[in-house]
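Visitor: here's a sequence, model it:
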Amino acid sequence: MKVTQTPLNGCFIIEPKLLKDNRGSFLLNYNKEEFDNKTGLKVNFILENESVSQYGVLRGLHLQVGQYSQAKLVRVITGRILDVVVDVRLGSNTFGESFSIELSEKENKQLFIPRGFLHGFAVLENNTRVNYKCDNYYNVNSESGVIYNDTQLNINWKLKKEEIILSEKDQKLKSFIEFSEIIKN
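Guide: Numbers count the residues shown, from 1 in each chain. Predicted coordinates:
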């Protein structure tokens, strides 16, 4: 497993080792001991989610706050996404900064997202299946987020505005400034 630190402290690109031979391939997606040793973290994933989406679907930017905040390990099983994170950890020297990476079934890269980050992704191919492990349970009352097109964050989602498909819930998310005021109080 290759682990690369992103520009956002604690957020890592994980590249599992892919073995190929005449029979096909074998991929060890996750090894807790190796993950902990190479990242210097102790993460206990207890929940696993999976979504299937069509081109243009944009999910995010979401996070769980308080005691239900979650670290995530995201991978694409089929298809391709632009995965985006924003550091919203109070006191972090990269507060408000974002990082994005294309994840696909072809490269098998994963993104580890620590607690205290907004997360979202734009689907760049039909029938894309995204799988992610979480280190905490989901709680609807701890759910929060920021609207995908916030002008302060200025994220390039690699989709045209008319191609973007949002859930009703995601259309009503707060601006980054509104969200920042809430978490500071």
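Visitor: so what's the residue count around N49?
Guide: 12 (other Cβ atoms under 10 Å). Every C-beta, even on glycine, is put in place using the N, C-alpha and C of the backbone.
Visitor: helix or strand: which one has it?
Guide: Secondary structure from DSSP states H and E places N49 in strand 47-53.
Visitor: may I see the buried residues of that strand?
Guide: S53 (16 or more other Cβ atoms under 10 Å).
Visitor: check stretch 133-145 too.
Guide: Neighbour-count burial for stretch 133-145, counted by 16+ other Cβ under 10 Å, picks out K133, C134, D135, N136, S142, S144, G145.
Visitor: would TSV of the residues you listed with distance to G120, secondary structure and pLDDT be doable?
Guide: Below are those laid out as TSV (distance: Cβ to Cβ, whole Å; DSSP: H, G, I helix; E, B strand; the rest coil; pLDDT from 0 to 100):
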residue	distance to G120	secondary structure	pLDDT
K133	17	strand	97
C134	15	strand	97
D135	19	coil	97
N136	18	coil	97
S142	17	helix	93
S144	13	strand	94
G145	8	strand	96
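Visitor: closest to Y68 among these?
Guide: S142 (3.7 Å; Cβ to Cβ).
Visitor: what's the closest non-adjacent residue to that closest one?
Guide: Excluding its sequence neighbours, the residue lying closest to S142 (Cβ to Cβ, 6 or more residues apart in numbering) is Y68, at 3.7 Å.
Visitor: contact partners for the one you found?
Guide: Taking Cβ atoms under 8 Å, 6 or more residues apart in numbering, we find Y68 in contact with N136, Y137, Y138, N139, S142.
Visitor: three-state assignment of the residue positioned nearest the centre of the chain?
Guide: Residue closest to the average C-alpha location in the chain (Cα atoms, centre = their mean): H119, at 4.5 Å. At H119 the chain is in strand, as set by DSSP: H, G, I helix; E, B strand; the rest coil.
Visitor: can I assume it is in contact with S69?
Guide: No: between H119 and S69 there is no contact under Cβ atoms under 8 Å: 11.3 Å.
Visitor: find the residues that touch each one of those two.
Guide: Common neighbours of H119 and S69, using Cβ under 8 Å, 6+ apart, are L63.
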